[in-house]
Structure formats: C-alpha cells, structure tokens
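Asker: What shape does this take:
(2 chains)
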2 protein chains.
Amino acid sequence: MPVITFQPSGKSIDAKAGSNLLEAARKAGVEIIAPCGGKGTCGKCIVRISSGNVESNSLGILNADELADGYVLACKTKINGTPVTVEVPEQIGRKDGKFTSAGEDTGLIREELFPHNWQYNPLAVKWCVSVAEAQLEDGLSDLDRLSRAIQRDWGKDEVVYSFEVIRKAADTIREDDGSVTVTMIREPGCSHIIGIEAGNKTEQHYGIAVDIGTTTVSIQMIYLPDGKVIGTQTDYNDQIACGLDVISRINYAAKAGNLEELRKRVLGTVNKLIAKLEAMHHVEPRDIYNAVISGNTTMIHLLLGLTPEYIRLEPYTPTILQAPYLTASEVGIDINPQSWVYLSPSVGSYVGGDITAGILCTGLATPSEELSLFIDIGTNGEIVIGNCDFIMTCACSAGPAFEGGGIKCGMRAALGAIEKVEINPDTAEAKYQTIGNVKPKGICGSGMISLLAKLLLSGWIDPAGKLDRARASEFIKVENRSASYIIVPAAESDTGEDIVISEVDFENIIRTKAAIYSACSLILKQVEMNFEDISNIYIAGGFGRFLDLEMSITIGLLPDLDRSKFKYIGNSSLTGTYMVLMSQEFREKQLDIAKRMTYIDLSSDPKYMDQYMSALFLPHTDKSLFPSVKV
Amino acid sequence: MPVITFQPSGKSIDAKAGSNLLEAARKAGVEIIAPCGGKGTCGKCIVRISSGNVESNSLGILNADELADGYVLACKTKINGTPVTVEVPEQIGRKDGKFTSAGEDTGLIREELFPHNWQYNPLAVKWCVSVAEAQLEDGLSDLDRLSRAIQRDWGKDEVVYSFEVIRKAADTIREDDGSVTVTMIREPGCSHIIGIEAGNKTEQHYGIAVDIGTTTVSIQMIYLPDGKVIGTQTDYNDQIACGLDVISRINYAAKAGNLEELRKRVLGTVNKLIAKLEAMHHVEPRDIYNAVISGNTTMIHLLLGLTPEYIRLEPYTPTILQAPYLTASEVGIDINPQSWVYLSPSVGSYVGGDITAGILCTGLATPSEELSLFIDIGTNGEIVIGNCDFIMTCACSAGPAFEGGGIKCGMRAALGAIEKVEINPDTAEAKYQTIGNVKPKGICGSGMISLLAKLLLSGWIDPAGKLDRARASEFIKVENRSASYIIVPAAESDTGEDIVISEVDFENIIRTKAAIYSACSLILKQVEMNFEDISNIYIAGGFGRFLDLEMSITIGLLPDLDRSKFKYIGNSSLTGTYMVLMSQEFREKQLDIAKRMTYIDLSSDPKYMDQYMSALFLPHTDKSLFPSVKV
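Answerer: Numbers count the residues shown, from 1 in each chain, chains lettered A, B, ... in the order given. Next comes the predicted model:
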C-alpha cells in the first residue's frame, strides 16, 4: 500500500489505492476541518499535493490556478496507488490538536472521548458569503441572491429564513457591498438562517452549554472558532426556595401561578450566570448563537413551563422526552433571541438529558464489550450500566447533601469550601484544606466524605454515624440528645462562627450514600451481575476538582473494588453538553444512547427498601462487602 | 369497459379495469373527500360496494366488520373489470356540490375554476384523535402517544409540535379522556401541530382570506368545515394618510420610524375588519387557524416591516418574493397567535401576490392554447397576457381614482355609492342608481365610468374631458377656469351637500384609464400581437357587483372588441386568496404560475409615453381603435 505523508506534522499512513484522502488523514491522526461533512461544498479541507499523484474531483470550489498548483479538496481526492506527500495548511482551531484543553472539568475526561477537530460541527455555524449585486434582468429578490451564495458553498439544500433575518436582509446585504455573515443551522435537506450581519463576523461566535441540576446550575461559555471553553460559572438553582428535591418542586408547581414562578426562578439563575460570563469575557449577548441545555426531566419541564404533575404520578409520564428546537426568546434565555436552543434528550421521567449527556464522557459512548457503570451523584442519583449490547438505567432520590443542601454548614464546591479533612485521633481536631486555600466558609460534598471517613477511621464516630460522647474532646458538643462536631472554630472561620456538623447532618449524608450504593447493588442484581463483573466505574458529580476515592469507599458510597477501575469525571452532564454543542456526531451519539437505554423503576422493586436499610451504616451492615475498609 | 354507478346520485361512468375508484368517482362528477390525497391514511373516502366486485387494499383503517359489509376506501380500491354499484355516504361539506356559493364576488368567477370538494385541503386541518392512556411499561411521553395517534390516521410522517402545543399537551390530553383535536399543517414528510384542544373541536374551524390593496383592504371569513364564505368586509387601507400610491408610501417609509407606522396602520385596518367579522358572525379569534394574505409586493413588504426602498430604486429589487410561513403573532394579525400565515407569492417588485392569486380565477390557470388577457384595475394596474406556453406581465401606475381616491366626491363601492348614471341630453341632469338603493353618498369607480361615458355620449363633455360651458345647465358650475358637474344636488344627497365632480377629477380618471389602456397596448406590442388575437379578457377590480362593459369601452378604458370575450371577475385577488386557502392544489398552481410569469418593465420602454399620451382622450386620439364608439 502506498505511503501517504502529511506535512508539516510528518505523520504518515499506509493507504489502499482508491481510498479517500480525508479519511486517510483522519486515520493518520491529522486533523483537517470539513464542516460540510465531505460533500465538497465548503472548500475547507483544501490541501496541497507536493509530490506524487492523486485522482481529484475538486472542480467548482477551486480555480484553475489553485488546481495547477496542486491544491485539491481532501474530501474529493482519491489515493491512486502511488506514494504521496500532502501539505496541510494551517487552519482555524487546528493549533492545539484538540479543541479543548481549558475548562475546569475537562481534564477529568478521557481524551479519546473528546471531539477532535474533524468533528467540529456546532449547532449553529457562522459563514461569510458574498452576495451578488442585484440585476434588472434576473428577477431575483435579495433573499434569492443570498440563497444562491449560500448554496454555492453548502450545496443545493433548501434555505429557510427566520422572520428577523428577512427583516434585516435588504439593508444588511447592501451595508458592506454584499459581504454578509449568516448564522445557520443545517438539518437534512434544509439550512435555517437565523442570523445575518454585514461583513465578516465569523470571529464573533460564542455558545453556551448549560447544565440545570435540581440544586446546582452550571454554565460554560465557549468560543466557537477554536472550541475553547472560555469560562464556567456555577450557582445554586434559585428554585431551591420552593423545595429541595424534584418531588417537592412538582408538588409546589401544582398551585396556581407556581409553575410560572419556578420557570422564572430557574431562568433567573441561568440568565444571571450568562450575564456574569458575558461581563467577564466581554461577550455580547447577540454573538451567542449556540445553546445546549441538559437537565433532569423535571428541571426541563419546569424550564419550559410544562406541567410536571404527571412525572410524579403513576405511570410517571413526562410531556416530552425530546423537545424540538426552540428559540432563545421562546425559552427566555438572554442570548441572541434567534438562537436555537437544543435540549438533551431524556429517557424517561427520572432519567433526563443530564444523563444522556453525561454518558458521552464514558466508555458507554464507545461501544465495547467491557461492562461499564456510570454513577451520577446529584440530588437525584442516576445509575447506568451497560456495554455495546445493552444499557440499563435507574434513579434514586439521593438528596442534595453532597451539594451542601440540607446540611447546616454545607456549601457547594466553591471558593472557601472545605474539600479535604484529616482528624487527630487523640483530640478529634480537624486539619482541613479549602478550595482556593482561603479561610473556610463551609464544607462541600468531597469534604463531607473525607470528614465522615476520617472520623470513622479514628473512631470518633461509630458505623451508625453517632459521635463518641464517652471520650472528651473540645470539638464535640452535646446538646440534649444530639451531638455536633466542630470542624472549624469561630476564630479560624471566614464567617466568624463555628463550622459545625451535627449528627442530623451525618444521618443526612448517610442516607444519601445509602441511596446511591443500594441503587447500584440493585440494578446489578436486576441484570444478574456482580460488582466484580464491571470493568469501568465512572463517578460524576459536582464535587469540584477531585473526589477522594479511598474515603468514598470507606464510607460505603462506592463499592470496594480494584481502585484502578474508578474514574472520577466531574460534572459529566456539563461536559457532555459541551460535546453535544460542538459536534453533530455527539448529538447523534446521544440520541442513539437515549434510544438504547432501558429504564428500571427501582421504587417498584420490593428489595429496594432492604438494600437501602442495610446501606445505612458505615460502610455497610454487611462488612464483608468492604474487605479493605478496616473499622 | 365496466359501468360504475354511484348512489345516491345515480351518476355513472365507464371505467377501465385496474383504474382507481376514487379517480373514477371524480371523473363521474361524484365528490368524495380525501384530505390525505389518496394515501389511505385519513379514512375519509370510505364508500360501500353494494353490488359487483372490486380489488381493495383498505386494511389498517377499516375493521373486519366494515370490510365484511362491503366498505372500502375508494382511494385504495381498483375496478377489476366487472360492473359495480357504489354507495357514497353523506359527507361533511358535500351537500352543495360546490364549496362556495355565497360571497359577494364569487358568482362572477367561472364555476369550473372553483375548488371542488375533492380538492378540499386547507392550509391548516383540524383533526380529532384519541390518544392512548399512559402505560408504565412503554416509556412513551404524552407527545409520543399523541404522535402515534396522529400517525395512525395520517401516515408515518414526522410530527413536530409548536411550543404552545407542548405547553398545553399534558393537561389537554387528560381533560377529555384522551380525545383531542389537533390543528395541523401538512408539509411533505412532516406534520406541524400548531393547536391542541380537548374533545372534538373540528366544527370550530375558521379561516380568513385577506387582500391588501394600496387603497382598499378586503377580508373574507370562511367556515372551513363546509368551505362557505360567511362574510366579507372591505375598508380603506389606513396607510392612505401616508401617500396615495406605492411610490409615495415607499418615500414616506424612508424616514426613521415611518416604516413601523405604515406597518401598524395596515395591521390596524386588517385587524379592525377581522374584529368586525368576528363580532358579526360570533367567531372567536382562537378558532381562526387559517390565514392567507395577498397583496402587491410593496404592501406585503410594509405589512412585514421590510425596507421597501429597493423596490423603488433601479434595479427594483424586493427583499422577498415568497415569504416563508410566519405565525399570526409574528405578523401581528389578531387571530389564533399560532396560526400560520401564508403569503401569496410575488413575481417581482411590481407584480405581487394579488396578481398570482387573481390569475387563479382566469383561464390562465387552466392551461389552454387560447390567449387570455387579465387586467387588474387597482391603484396599480397590472396586466397579464398568456396561454399554456407563456405568461407575460407588466404594471402601470393607474392611481386610486376608481377606488375613490383623489376624487372629491369619490368613494369605494359601498352602501350609498353611485354605481350607474343616466344623463338627460337636454338638461344634463343625472339619474343615478346607488348601491343598496339608499341616498347617495358619493360616486364609486363603476359610477365614474358610467358618468364619464354618458356625459361624453350626450355631448356634455368633450373627448378631452372638458365640460360644455357654452350650453346652459344648472348642473354645470364654472369657477375661475375650472368647471364642475353636479351629479346630485345637496337636497337629495345623504351628506346634505352637492355631490360634484370637477374637470380636475375628470383628468384624474382619464389618466387612470389611459395608463391601463396604454399598458395593455404596449404589452401586446412587446409580444407582437394585437387585441384581436385575444380570446378571453378578464377584468378584475373592486368595482362592486358589476362593471358596465359598454361604458368602459366608450371611455377607452377597455379595448373595443367582441363583447363576448370580456369577463368581469370582481376582486379576483380576494377570490384567488380564498381558493389558495381552501386547496393545496391551488397553492401549487399559484406557485407554478408565479414561476412561469415573466415581468416586463414598461417604464423602460420609450414607446410607453407616446402610447399613454395618445390614450389621454375619450375614447382615444386614434378613433379608429374604437369603431363602435359613436362620439
């Protein structure tokens, strides 16, 4: 087979005669952008054949001079059986090899799962075209001429315009001698033009990936020309005031006017975070033409103002699993009002788009025979197990403890949160580490896990989560029947008050970890497997930079398995949302995953309560399940 | 060939073995509704074979009992070579044979051009379906189940929901045990659901046909279950305050804020007329889910708020010729906000959707070798000439005189308008007839034509439109250099003032008729033909119930040809708009007509001014063109 060498990288590959040059480049690990998907219409995959011969059918886009100089469209070129050297010109976004290296969570995801340059195909594309001048004879309207210019580059698909674009078209086309940038969404057979600007505005192009959790909302802003995440903002969902979990929100929504209140509250949170990102990164709302939102099914219903009632009532029926494209102005998101908003597809009432997005960050997205377990620890815990043959999923109500909810000094993983703790076995005094190494403000999920485990290992709490009242310690206070533990005395804390955790808080945390662990056990039972059968365990959740695996096993949140099987992937919903925003390939993969997932309703399984009750100890009632935990 | 007899009508036809029963029925003149176009999905074309044999493939929609009783879907049934008797059940809208017999103008249109029952396929269809109850096992959302119910009746096309429908779906589906009425727009491969109501609401289904003229706006309200026009309302376009013709409106729009003012003014007129029709016929705005609007290109630009400037400037380029579907709320029309608004396609800056709609009422819509001439006399005069081989069109600025604009006592064809006049040759006294036989309020276009012709024939005006000052008449007043003619003395008039027409008014009317006649002559010259080559002349315009052909020829508005060639078709734009609203077939025909039309710019023809100047006499400078007019 002839050797194809790509310059300047020097990468080479053996390729069969007759094979496609763009394909060969991809196989060689050389990234060439082809937004049109290899149709020969966008002209982006231009390369130069500096030695050797190829068969090319690059007419139309390239002119005679370019062809004479050896330039071809890689997508329209076949290797003909002789060695070839190919020069790949510098392309936008090619510099770093990968689209994303920034962003707080992305480092946690396996690199091979991330979109490569050649997968770059965001929801809405900006494209600069030159519209021909109007002629007396041709009888073409302004939009006819614009459509022809677009079809020249993108093929003969129908071009459909939004009303706003129609209204601006005449003046915009004439403002810069026919040079206009259109923003378009490409669907099979049809390009929807949702924006029009005079001149070349392709560099002013941003997108947002939004993860709406029951407790926490996170948003990433992405600069689309190179796919970089330029900022991430997280805050509590303002709906918390109306209930801590999805069931209480649904109950709240039943009263007249409350559904609208819930809709406005979550929109308020989302728009506040967008405004922050815009201000920090000097981005104009009108330049944000891409938005993907993931959330559990209830959160999406509330965001859209859909009656959530039937999610809660048997047979647990959502109004929609997959929403159509909606505009930002319809949804109420403060970006370009014409921007389409894509919502990650749900699987059922209790497995939402946050999970189909999150799965994209795991081995479940790359079909393999290896069994993978995905655990998303949020206010709802969702568990997914599967491989190339099947994907099963279930949900449990974990509660918001690990996000700081319902815990007296709890907070989310933000500046000043205690994320790691050591306990002096003799005095019970805590040594702690905070996010940002500043004065402590409270304790976040990873801190709680660390604290609970260390208190257990040092004997200051028992497996039921009760503090040792027998031994004297200035850090343990007993009032009435309940005891509390002082993590940080008032003098050291940022708040000027003790940072305290009570036995009630411990119970709360234990209930959360028990819900997760028992759901994992039960879904395995349902597929007649054991923890040992699993090759990869992906842990997702808003714990911040890290989750202490050893301590998570110590408290019985995670099963006691070979540590190398575990991968902490952070906020995988947000990362998956980013991937969906960036690439049509991931949108299709996500839809396929959603279609293949089977939901199991654990609440109808009589064994669930047994499993849950047994897990209400540290690490577990059945100590043999945790051989490596020495308590 | 076997004889197929249809009952109860007794109509019969010879049909070939193998031919389709629905087709045979149509050929026999028996109307069977088939909204799905014969796909076998809607189940509307059910008939019973009472004797004889047929080959039927009606499975799916009909149950076993029905099949055993001889019921078949006509669209899925073939005649197999034996005589057959077919019973056609009573169907909604079938009663009258034709969909429309009411409506003030429709009687003027050739019946064979009108939509028959089997062409009944309005823009938006209301359909009642029964949605299956939610099941725990099936994992279907509310909309999944609704889509399945729709697909059961209409085939497997994709079903897409508007956001409003999504928001209402959950509660509406449960309100009446799963019985819901959806309003849908069917496009190839896709049904758009724009409305959802609990229960069977198919009888609450209305549409509006809107004709927006530069001077006059007319609206018909249609009851869709039987296609009847239940009311028509006409009024002046409120934009008149900003200029009498399209050029002055375009000039007015150039100033900041004025385009929005023009948009609001025409919307105000349209919405006022809709509100009147709603009040008169007890129709709720939410029940109006169909709207088709026709107008000249400038009127449509102003309605949509599109910069009209480039229509006026060479090379006369509109922003759009064919607008996409827009929603009523986007356009600002006060009907169901979710209703799609369809805009008749334009041909160019000076030939709009009013003309492509109007052509539907003429022989040009039914391909024939006979040459037809279509003259639409409005503020802009538009002329179309053609046959099955070609369609040419041109426009001229006629001015609003015939609609009452710019004429002192002019008014549109409404209650109290003088529509016909006789002149006493000796005294010059007028005998007149008014619309509604009430006291006269003013004079409308048909009255002006009658008046001008009769004054000319009786010698009271000369061919230049000057009143005879030499003969004494109490009905002629001379002030300074100008003379006026009193049609109705103050005592007899509804206004309490003289109804008067001045020489300046005569000049105005003569300019209008000259523009029309010279445009007709010139377009014929351009295609190298004569008036004699034309077989059919269709005259359209808002003249009311009738236009006096003889008098129109007498003043030289229309050519002096065999009277039997002329057909007055009234407001053909409005009638064509109704046809487009009622039938997909006419929408396609209209698009085809628009595509086939070639626009000729008369203003660039140096002969135009000569032709126009020669026509500024009654009937014409060249008397030999009007041999039958004895002046």
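Asker: where does residue A:584 land on pLDDT?
Answerer: The confidence metric pLDDT takes the value 89 at residue A:584.
Asker: hang on, it packs against residue A:121?
Answerer: Yes. The criterion here is CB atoms under 8 Å, and residue A:584 meets it with residue A:121 at 4.1 Å. The C-beta positions use only the backbone N, C-alpha and C, and glycine is treated the same way.
Asker: What is the neighbour count of residue A:124?
Answerer: Neighbours of residue A:124 under the rule other CB atoms under 10 Å in any protein chain shown: 26.
Asker: Could you spell out which stretches of chain A belong to which domain?
Answerer: A:3-87, A:122-198, A:206-343, A:354-400+A:510-625, A:414-501 (automatic domain parsing).
Asker: Show me what from the stretch 51-200 of chain A comes close to chain B.
Answerer: A:134-136, A:139-144, A:160-161, A:163, A:166-167, A:169-171, A:174 (CB under 8 Å from any CB of the partner chain).
Asker: 10 Å instead, please
Answerer: Contact residues, the stretch 51-200 of chain A versus chain B (CB under 10 Å from any CB of the partner chain): A:133-146, A:160-164, A:166-171, A:173-174, A:189, A:192.
Asker: Among those residues, the buried ones, what's the ChimeraX command?
Answerer: In ChimeraX, this line selects whichever of those come out buried by 16 or more other CB atoms under 10 Å in any protein chain shown:
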select /A:134,139,140,141,142,143,144,145,146,160,161,162,163,164,166,167,168,169,170,171,173,174,192
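Asker: what's the span of stretch A:54-62, first residue to last?
Answerer: Start to finish, the residues bounding stretch A:54-62 are 16 Å apart (CA to CA, to the nearest Å).
Asker: List the ones among the residues of the stretch 51-200 of chain A next to chain B that fall in helices.
Answerer: A:142-146, A:163-164, A:166-171, A:173-174 (DSSP state H).
Asker: I'd guessed residue A:406 sits against residue A:244; true?
Answerer: Yes. Judged on CB atoms under 10 Å, residue A:406 makes contact with residue A:244 at a distance of 6.0 Å.
Asker: Let me know the closest of the ones in helices among the residues of the stretch 51-200 of chain A next to chain B to residue B:340.
Answerer: residue A:163 (12.1 Å; CB to CB).
Asker: dump the residue contacts of the closest residue to that closest one other than its chain neighbours.
Answerer: Computed as CB to CB, 6 or more residues apart in numbering or on different chains, the closest residue to residue A:163 that is not its neighbour in sequence is residue B:330, at 5.1 Å. Residue B:330 is in contact with A:162-164, B:304, B:337, B:340-341, counting by CB atoms under 10 Å, 6 or more residues apart in numbering or on different chains.
Asker: related to what we said a few turns ago, which residues are in contact with each of residue A:406 and residue A:244?
Answerer: What both residue A:406 and residue A:244 touch, as defined by CB under 10 Å, 6+ apart, is the set A:215, A:379, A:399-400.
Asker: what residues does the stretch 501-631 of chain A put near chain B?
Answerer: A:597-599, A:601, A:604.
Asker: Drop anything exposed from these.
Answerer: A:597, A:599, A:601.
Asker: Need the pLDDT of whichever residue of the stretch 151-300 of chain A sits closest to chain B.
Answerer: Nearest to chain B, among the residues of the stretch 151-300 of chain A, is residue A:170, at 4.5 Å (CB to the nearest CB). Looking at residue A:170, its pLDDT is 97.
Asker: Between all of the shared contacts of residue A:406 and residue A:244, which two are separated the most?
Answerer: A:215 and A:399 (9.2 Å).
Asker: ok, the closest residue to residue A:468 other than its chain neighbours - contacts?
Answerer: Leaving aside its sequence neighbours, residue A:468 sits nearest to residue A:460 (CB to CB, 6+ apart; 5.4 Å). Contact analysis of residue A:460 by CB under 10 Å, 6+ apart lists A:423-425, A:427-428, A:430, A:454, A:467-468, A:471, A:473, A:475-476, A:485.
Asker: Among those, which has the minimum pLDDT value?
Answerer: residue A:471 (91).
Asker: quick check, residue A:294 in a strand?
Answerer: Yes. Assignment of residue A:294 by DSSP: H, G, I helix; E, B strand; the rest coil places it within a strand.
Asker: close enough to count as contact, it and residue A:594?
Answerer: No. In this structure, residue A:294 is not within contact of residue A:594 by CB under 10 Å, at 11.5 Å.
Asker: Now do the shared contacts for residue A:215 and residue A:399.
Answerer: In contact with both residue A:215 and residue A:399: A:244-245, A:378-380, A:405-406, using CB under 10 Å, 6+ apart.
Asker: The residues you listed in helices, which ones?
Answerer: Going by DSSP H, the helices hold none of these.
Asker: what's the closest of those to residue A:32?
Answerer: For the shared contacts of residue A:215 and residue A:399, the nearest to residue A:32 is residue A:378 (38.8 Å; CB to CB).
Asker: The spatially closest residue to that closest one that is not a sequence neighbour and residue A:261, how far apart?
Answerer: Nearest non-adjacent residue to residue A:378, counting by CB to CB, 6+ apart: residue A:213, 5.3 Å away. To residue A:261, residue A:213 is 19 Å away according to CB to CB, to the nearest Å.
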